[in-house]
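[1] From the sequence below, what's the structure:
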Amino acid sequence: MDQHITWDQFMAVDLRVGTIIQAEPFPEARKPAYKLRVDLGELGIKKSSAQITHHYTAEELVGRQVLCVVNFAPKQIGPWMSEVLVTGFEDENKHIVLAQPQQAVPNGKRLI
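    The predicted model follows:
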């Protein structure tokens, strides 16, 4: 990849760590997904929809720290308003594996 960005462009994406405090099935979604509530510390509790049902059950997501983009505009997904994007990587079968810190860090801390 030859395209470079500036530090300011990178810092324009506000990536924060949060802890999933609630996860439940989202049957109204077009693709299998969960409705999540993520504790982002000083930013409060935010909602997200995540297509992560292949590798994770709703029960095992609770308490897990994840990396979220917090400065996208909210997005209506069916009856659910997603306020943050929970990030991850596609595996070899295009199923999402969550991006997570290697050790616990305070909720709301920014990726730098």
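
[2] From the centroid of the chain, which residue is nearest?
    Centroid check for the chain by C-alpha atoms, centre = their mean gives residue 86 as the closest residue, at 1.0 Å.

[3] in terms of contact, does it touch residue 66 like I think?
    Yes. With contact defined as C-beta atoms under 8 Å, residue 86 and residue 66 form a contacting pair (5.1 Å). (Glycine included, C-beta is placed from N, CA and C.)

[4] Which strand or helix spans residue 36?
    Assessed by DSSP states H and E, residue 36 sits inside strand 34-39.

[5] Residues in contact with that strand: which ones?
    18-26, 45-50, 52-53, 56, 58, 61, 66, 68, 80, 84, 86, 107 (C-beta atoms under 8 Å, 6 or more residues apart in numbering).

[6] where's that strand relative to the chain centroid, distance-wise?
    8 Å (C-alpha atoms, centre = their mean, to the nearest Å).

[7] can you pull the pLDDT of the residue nearest to the centre of the chain?
    Reported pLDDT at residue 86 in the predicted model: 98.

[8] Determine the residues that are contacts of both of residue 86 and residue 66.
    38, 98.

[9] Show the average pLDDT along the strand holding residue 36.
    pLDDT averaged over strand 34-39 gives 98.

[10] distance between the next helix-or-strand element following it and the chain's centre?
    Using DSSP H and E, the next helix or strand after strand 34-39 towards the C-terminus is strand 45-50. On the basis of C-alpha atoms, centre = their mean, strand 45-50 sits 7 Å off its chain's mean C-alpha point.

[11] what angle separates strand 45-50 from strand 34-39?
    150 degrees (axes from the mean of the first three to the mean of the last three C-alpha atoms, to 10 degrees).

[12] any residues touching the helix or strand following strand 45-50, and which ones?
    Counting by DSSP H and E, the next helix or strand C-terminal to strand 45-50 is helix 58-61. Helix 58-61 has contacts (C-beta under 8 Å, 6+ apart) with 20, 23, 24, 25, 34, 36, 52.

[13] go again using 6 Å as the cut-off
    20, 23, 24, 34 (C-beta atoms under 6 Å, 6 or more residues apart in numbering).

[14] list the buried ones in the next helix or strand after that helix?
    Sequence-wise, the next helix or strand downstream of helix 58-61 (DSSP H and E) is strand 65-69. Within strand 65-69, the residues that count as buried by 16 or more other C-beta atoms under 10 Å are 65, 66, 67, 68.
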